[in-house]
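Engineer: structure here, sequence nowhere to be found:
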């Protein structure tokens with residue numbers, strides 16, 4: 001009886017591994033929001049990593065998180081290294097492209113709780129008297145990430161964080177926008 005149970009468990013594990021291995025290697029998570037402020041007001045909140053604490057969905061998850069800035073104050077080459085609790089982990093962001101006020105691209109390196117490198121992009125499109133902001137993260141999934149995506153809805157989790165961050169970016173941008 002125990003042999004049959006172990007055989008069934010082994011078979012389930014093999015099937016799970018095969019299904020995980022066959023998952024797409026690439027992923028993209030995108031969320032957008034319309035902000036009632038011009039791109040020249042919105043984009044600096046992303047292009048200057050020192051301003052992320054005012055809107056980032058992760059900034060307040062760990063009050064004792066350590067943050068270190070490097071490179072220029074803003075734009076290409078600016079870096080933000082964080083280390084915190086299990087909710088925020090450890091990683092580093094580097095602005096790799098800054099075309100103000102249209103686009104900010106970042107390399108996002110996660111060190112803990114898992115190692116990964118992804119590309120993140122913020123696009124700012126004028127729309128009427130406001131700005132359509134699109135936040136996209138793309139990357140490649142290794143086998144462990146493919147397996148995790150099977151049991152957790154990473155798209156929903158990270159997408160929810162993006163939605164929260166964009167709502168907070170909207171609030172800080174609209175508070176600093178010139179009144180018409």
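Structural biologist: Thanks, I have it. For clarity, every value in this text was computed on a predicted model and none was experimentally measured.
Engineer: biggest helix in the chain by residues?
Structural biologist: Ranked by number of residues, the top helix in the chain under DSSP state H is helix 154-176.
Engineer: same for that helix, what does it pack against?
Structural biologist: Counting by 3 or more C-beta pairs under 8 Å, 6 or more residues apart in numbering; DSSP states H and E, the packing neighbours recorded for helix 154-176 are strand 26-35, helix 39-42, helix 44-47, strand 130-140. Any C-beta I mention is one placed from the backbone N, CA and C, and that applies to glycine too.
Engineer: mind checking how far the most centrally placed residue in the chain is from residue 40?
Structural biologist: Centroid check for the chain by C-alpha atoms, centre = their mean gives residue 137 as the closest residue, at 5.8 Å. As judged by C-beta to C-beta, to the nearest Å, residue 137 and residue 40 stand 24 Å apart.
Engineer: quick check: angle from the one helix or strand in the chain whose mean pLDDT sits lowest to helix 154-176?
Structural biologist: Least confident helix or strand, the chain: helix 143-151 with a mean of 72, by mean pLDDT, DSSP states H and E. If you take axes from the mean of the first three to the mean of the last three C-alpha atoms, to 10 degrees, helix 143-151 sits at 90 degrees to helix 154-176.
Engineer: which helices and strands does helix 143-151 pack with?
Structural biologist: With contacts taken as 3+ C-beta pairs under 8 Å, 6+ apart, helix 143-151 sits against helix 2-21.
Engineer: let's see it at 10 Å
Structural biologist: In terms of contacts (3 or more C-beta pairs under 10 Å, 6 or more residues apart in numbering; DSSP states H and E), helix 143-151 is packed against helix 2-21, strand 26-35, helix 154-176.
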